[in-house]
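> can you look at this prediction? I've put the sequence above it.
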Amino acid sequence: MKDYHRPQLLFQIFILPLVVILSLTSALTAQEQPVIPADSIIHIPAPTSNVVAVDYVYDRGETVELTWNLSPDDTIGGRIDGYELTRIEQSTGKMDTLEVIPAGISYYKDDKLTHGHKYAYLIRSVYFGAKSSPVSSNIITPSIEIINWRLANLFAIAFILCGSVIYFIAHAKKGKKLFIRKIAGLEAIDEAIGRATEMGRPILFVPGINDMDDVQTIAGITLLSRVAKVVADYDIRINMPVSRSLVMTTARETIKEAYIGAGRPDAYNDDMVRYITDEQFGYVAAVDGIMVRDKPATCFYLGAFFAESLILAETGNSIGAIQIAGTAQPAQLPFFVAACDYTLIGEELFAASAYLSNEPKQLGSLKGQDVGKFVAMIAIVIGVLIATLAELTGSSSLENLSEFMNRLFTIVS
Amino acid sequence: MSWEQTFGIWLAAAFTLGIVSFLYRDNIFYKVCEAIFVGSSAGYWFVTYFWDNLYRKFYLQAFDPVSPHIAPWVGFILGVLMLTRLFGAKIAWLSRWPLAFIIGATAGVYMMFYFVSNAMLQIGASIKPVFVGSFGDIVSNVLIAAGTFCGLVYFFFSKEHKGVFGGAARVGIWFLMVTFGASFGYTVMSRMSLMLGRLDFLFGDWLRLIS
Amino acid sequence: MRREIPIAITFIVGTVFIIAYFIPHYPFNQFENWFNDWFAIVAAFAIWLGALNLLKISAIKIFLKKTDQLHAALIIISFLVMIFYGFYNGFSGIMANPPYSYRDPAPGINFSWLYDYVYSSLSATMFALLAFFVASASYRAFRARNFEATLLLVAGFLVMLGRVPVGDLITQWLPRDYQLSQLANWIMNILNTAGQRAIMIGIALGLVSTSLRIILGLERAYLGGD
Amino acid sequence: MRTREIIAFFALIALILLAKYVLPHPMQFSPTLSLIIIILLSLTFIIIGVLTLQGKFVERRIVFIYVGAALTLPFFMQIELEVPISPEVQSAYDQIESLNPGSKILAAFDYDPPSAPELQPMADAFMKYCFHKGIKVIIMGLWPQGPQQAGQSVEAAFEDDPALRDKIRYGVDYVNLGFQSGNEFVILRMGESFKAMFPADIYGTPYDSIPILRNVKNYSNIDYCMNFSAGKPGTQEWVQGAVDRFGLKLSAGNTAVQAPMIYPYLQAGQLDGLMGGMAGAAEFEKLTGYKDKATTFIKSQSFAHIVVIVFIIIGNMAFLRGKTERKVK
């Protein structure tokens, strides 16, 4: 309390005279201005009220937020230009005129302070150089808050999620088994290959039109390894037109490995994977041609697809092929679901790939995401139950609990 | 109407018909239009990125007459490294540095953006009392909460889909299917609208058959 | 060097953006601003890389492989025309007083003209073609082969009809609240919202874990082979 | 080319010349003629249905012709269809309607000409409505072509009511800030200061000397925001960057492809209203009372939807028949 009174005294002794002098000077300069509306000479705008300075909550102690009520003159077409802000450092009494804030605005952020020092602000309404009497703010000491604690809930939940991803990856790297449920799509893939074997017709594999930097393409190639294994074992023809050269290289490696694994490296042939063109529609036209000529028994579309999904699925259907699709492209999923025999929807594609590859990072992140989904499911069930019960019973403790749940998943901006 | 506008409209009409001719079959007109499309689109983005990104964000800052900044030069050097890809494998590995920068920045920004708006806030929005309002409102509230829950169950891979859990997953896939149906309908609407825009151009601006 | 430096760059940049979310002040906000500008600059070069690559491939086609020569030549010519007007209008715009932007409409043939009549008419028509493919695929490929696909198609029908005037015309005999437009509203606002939200949460979680792997250097696919 | 194709090619050119120089401009079918055309086309569907059921799927190009006819013919038909209003469009309209004259609205144009058929009608109606109601519009774009599209909307409003030309002054009643690159980062930085991102308007006038912007520092001085979006950056980024972080109030017009993905934001209250695609545009035109292109287009849209649905049904009838036959065997 003591600290608080002394600066007030200081203010009255030193600063008020300064303010008077300053107002005089500005009044003098105002007279030098060339164009002054007739009424402005006599019109001194009404002062503001309720000037409040608050410490900005996440900074290194250099920022203060200032708010005030608008002057009664501050209306549309009102006779006011703005608000002149003056900062007073309490220990030295140093005054800085900051700037004139345009009318209609009642907020200022001062970020040129030193933490631990005490400051106060004066605000004057200005109209063509005429200024109202100053209104003073409370005295404020900006303090340091390194971290934005309003986001603590966000941090905690993000921490749980990221922690579990890292934990499960590490877990899988140690060679421990992570359970992933059976994915129906994989059985569908096996069945589809089986049909091609029976019919003695080739398999077509399209890995999407994105490059290897897309996770979907990588997942598609992982699934290719499964397909290639069966292809190599039963000596089925596989045809894989691609639209990126990098994908071509990777796909060739994958198929070659499968043939080596099956003990028949000489049966492998680079022509199984062919680069067509990077251009979207050019690629589709070429794949269409291949389909109509080769009449594959089974078509796989696993990767990132765009507008071409439709055209591929239609042609595949017209030649009577079994079609298995998988993509995480939300706009294309409806078309694949409607036109293909089986579709791996979104994350299922990644899950199938993780399941097959047994790669720690894929498995681990899938598990980590499951933790996130688990949290979401629990939160929804419990949250909805509590909120409903609180609404029905009117119990205040339940209402508090429901309030807490809500705040846990809300961001205060 | 000035001559270049008239010429432009005829040219645009020719291009439009040329592309549409692909519906009949792949042909020379389509090939020509496609090549022009590929070339002009590359040129368009080349120019746009030059003026909006390189000129505004690099040149104007690095060569500011009052206070030239040094920071943009880092970006410029990273960018130049990107072009090493054009010159063979020996130095192409340098292009991984700017690539790493782009990927790191995207990962960092989107991680928080998506986590907050699309995960946290959506979970928060689902936490609402369901037994409020009319009977219809209650049904709707229950369906939103249950649908979100069951949809999440379907994408949960750590438990076999059996029993009650399997049932929930099955309901979840129904919700997903209706969602896809809605997307399907809207996509059809969107595609038709694009074509309508072209037809409006052909019959309105060009042939003037409609007002 | 070839792997460590990129991984370090990814780690630092990604971490700074995440920290800046929680500690939104100096020095992190400064880094954030720098990185934003660098991102824009590098992105420009990435686009250039793509365009120059296209030029390179087309030139090879013309001079070495001798296939699709007309096609390749047209690509190069249209590219160069676009570039010429883009830079010509841009530089004269900077020199002019008051300055104008390279894409400001003006009489005569210029970048804006090329954009309006060449580029945008071509790209709009390219995507408009899908209107036709959607119809033929719906006739020949979209099948109610199981309960799920049936659900999808029925929901699609209701939304397609309910969103246009014809829907209500067909169901005029029903009470207002049960007409197709109301049904479509209900599907969009309730069922679609629930499904989309589940997908949204799933995608967001997947994005977080992928980003985390990239930042921690566990995901290196983008670095390609050695 | 085969001879048949060459003949077809010249026939097409003749048709174009006929349309350009011989046919009446504008061409219109009376309601009776329209009805006859609709009935005739519906009858041909029966033929296709019968053929398909016999296992003879008609060719792709025939389907294309139907789509073309469904989209084109309604342009010329003098028929009126009542557009139903959906709650999300109503709520977008209500938000703007509740603004007082003199309020400031930020209009973010995030689309390019290819998506204009869906979004331009919304933007036109929006601009006309704001100008007539005396709402001040601050235009900006995160897509390079957005501000140009906005310029077209302003021009459309002036053409619709020439009296506006005198009433609405640039810089006082509306301003075009132009385009700024940086996607979501622009949205974030505007939360602090508009001026930092737009030091001058599209014509190079400094920010501080534009009357409409005099009291505008950041989102807190804006009464409302309307976003027209065709993808990324767009509504999703505005929600993530401005609504969730700075509390901006937002409604959006979206292309139909991305609209369904935006609904969760609507239900969560992150977004007030949403206009999706051509249907949303037609509804908005009806609500504001400025009926124009979308109201015409929605007729074609209706017919096209019906064509797609009928084709799906025909295809599936054949499919189900094949299935039962296989079962019988």
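Perfect, thanks for sending it. Numbering: from 1, shown residues only, chains lettered A, B, ... in the order given.
> what segments of the stretch 251-400 of chain A are strands?
Ranges of strands within the stretch 251-400 of chain A are A:273-275, A:298-304, A:322-327, A:342-345, based on DSSP state E, counting those that start in this stretch.
> quick one: the third one near chain B?
Read it as strand A:322-327. No - shown here: strand A:322-327 not in contact with chain B (Cβ under 8 Å from any Cβ of the partner chain), separated by at least 12.2 Å. To be clear about C-beta, it is placed using only N, CA and C from the backbone, and glycine gets the same treatment.
> which one, of the strands of the stretch 251-400 of chain A, ends up nearest to residue D:120?
strand A:298-304 (30.1 Å; Cβ to Cβ).
> the closest one to strand A:322-327, inter-axis angle?
Per axes from the mean of the first three to the mean of the last three Cα atoms, to 10 degrees, the angle that strand A:298-304 makes with strand A:322-327 is 10 degrees.
> what helix or strand is residue D:137 on?
Assigned by DSSP states H and E, residue D:137 belongs to strand D:136-141.
> please see if the helix or strand following that strand touches chain B.
The C-terminal neighbour of strand D:136-141 among helices and strands, as given by DSSP H and E, is helix D:146-160. No - shown here: helix D:146-160 not in contact with chain B (Cβ under 8 Å from any Cβ), separated by at least 12.3 Å.
> following helix D:146-160, which helix or strand shows up next?
Immediately after helix D:146-160, counting by DSSP H and E, sits helix D:164-167.
> mind giving me the packing neighbours of the strand holding residue D:137?
strand D:104-110, helix D:116-133, helix D:146-160, strand D:174-179 (3 or more Cβ pairs under 8 Å, 6 or more residues apart in numbering or on different chains; DSSP states H and E).
> can I get the second one as PDB, trimmed to CA atoms?
I take that to be helix D:116-133. Output of helix D:116-133 as PDB, limited to C-alpha atoms (Å, rounded to 0.1, in the frame of the first residue of the first chain):
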ATOM      1  CA  ALA D 116     -16.600 -17.900 -59.600                       C
ATOM      2  CA  PRO D 117     -19.800 -19.600 -61.000                       C
ATOM      3  CA  GLU D 118     -20.700 -20.700 -57.400                       C
ATOM      4  CA  LEU D 119     -19.300 -17.800 -55.400                       C
ATOM      5  CA  GLN D 120     -19.700 -14.700 -57.600                       C
ATOM      6  CA  PRO D 121     -23.600 -14.700 -57.300                       C
ATOM      7  CA  MET D 122     -23.200 -14.700 -53.500                       C
ATOM      8  CA  ALA D 123     -20.700 -12.000 -53.600                       C
ATOM      9  CA  ASP D 124     -22.800  -9.900 -56.000                       C
ATOM     10  CA  ALA D 125     -25.900 -10.200 -53.800                       C
ATOM     11  CA  PHE D 126     -23.900  -9.400 -50.700                       C
ATOM     12  CA  MET D 127     -22.300  -6.300 -52.200                       C
ATOM     13  CA  LYS D 128     -25.700  -5.000 -53.500                       C
ATOM     14  CA  TYR D 129     -27.300  -5.600 -50.200                       C
ATOM     15  CA  CYS D 130     -24.500  -3.900 -48.200                       C
ATOM     16  CA  PHE D 131     -24.500  -0.900 -50.500                       C
ATOM     17  CA  HIS D 132     -28.200  -0.400 -50.300                       C
ATOM     18  CA  LYS D 133     -28.300  -0.800 -46.600                       C
END
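> now do that helix against helix D:146-160, angle only.
Using the same axes, to 10 degrees: helix D:116-133 against helix D:146-160 is 60 degrees.
> buried residues, helix D:116-133. List them.
For helix D:116-133, the neighbour count (16 or more other Cβ atoms under 10 Å in any protein chain shown) marks D:116-132 as buried.
> cool, and stretch B:77-92?
Those would be B:78, B:79, B:81, B:82, B:83, B:84, B:85, for stretch B:77-92 by 16+ other Cβ under 10 Å.
> sort out which one of the residues you listed lies nearest chain A for me.
Nearest to chain A, judged by Cβ to the nearest Cβ, of the buried residues of stretch B:77-92 is residue B:85 at 11.8 Å.
> which residues touch residue A:112?
Going by Cβ atoms under 8 Å, 6 or more residues apart in numbering or on different chains, residue A:112 touches residue A:62.
> could you report the separation of it from residue A:99?
12 Å (Cβ to Cβ, to the nearest Å).
> can you tell me the element whatever residue of the stretch 151-300 of chain D ends up closest to chain A falls in?
As assessed by Cβ to the nearest Cβ, chain A sits closest to residue D:215 within the stretch 151-300 of chain D, at 3.0 Å. Assessed by DSSP H and E, residue D:215 sits outside every helix and strand.
> how about residue A:104, secondary structure?
coil (DSSP: H, G, I helix; E, B strand; the rest coil).
> wait, it sits on residue D:220?
No - if you go by Cβ atoms under 8 Å, residue A:104 and residue D:220 don't touch, sitting 10.3 Å apart.
> who are the neighbours in contact with the residue lying closest to residue A:317 once chain neighbours are set aside?
The shortest distance from residue A:317 to any non-neighbouring residue, by Cβ to Cβ, 6 or more residues apart in numbering or on different chains, is to residue C:141 (3.9 Å). Contact analysis of residue C:141 by Cβ under 8 Å, 6+ apart lists A:313, A:314, A:316, A:317, A:318, A:338, A:339, D:315.
> briefly note if stretch D:262-282 comes near chain B.
Yes - using Cβ under 8 Å from any Cβ, stretch D:262-282 reaches chain B at D:264, D:267, D:268, D:269, D:270, D:276, D:277, D:278, D:279.
> tell me the spacing between residue D:8 and residue A:381.
64 Å.
> more neighbours: which of the two?
Taking neighbours as other Cβ atoms under 10 Å in any protein chain shown, residue D:8 and residue A:381 compare with residue A:381 leading, 15 against 12.
> isn't that one right up against residue B:149?
Yes - using Cβ under 8 Å, residue A:381 is in contact with residue B:149, at 6.5 Å.
> which ones among the contacts of residue C:141 are found in helices?
A:313, A:314, A:316, A:317, A:318, A:338, A:339, D:315 (DSSP state H).
> as JSON lines, those with neighbour count and pLDDT would be great.
Output for the ones in helices among the contacts of residue C:141, formatted as JSON lines (neighbours: other Cβ atoms under 10 Å in any protein chain shown; pLDDT from 0 to 100):
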{"residue": "A:313", "neighbour count": "28", "pLDDT": "91"}
{"residue": "A:314", "neighbour count": "22", "pLDDT": "90"}
{"residue": "A:316", "neighbour count": "27", "pLDDT": "92"}
{"residue": "A:317", "neighbour count": "20", "pLDDT": "89"}
{"residue": "A:318", "neighbour count": "17", "pLDDT": "86"}
{"residue": "A:338", "neighbour count": "28", "pLDDT": "92"}
{"residue": "A:339", "neighbour count": "26", "pLDDT": "92"}
{"residue": "D:315", "neighbour count": "24", "pLDDT": "92"}
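> could you export those as CSV, including distance to residue A:186?
Listed next are those as CSV, based on distance: Cβ to Cβ, whole Å:
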residue, distance to residue A:186
A:313, 21
A:314, 26
A:316, 20
A:317, 23
A:318, 27
A:338, 22
A:339, 21
D:315, 29
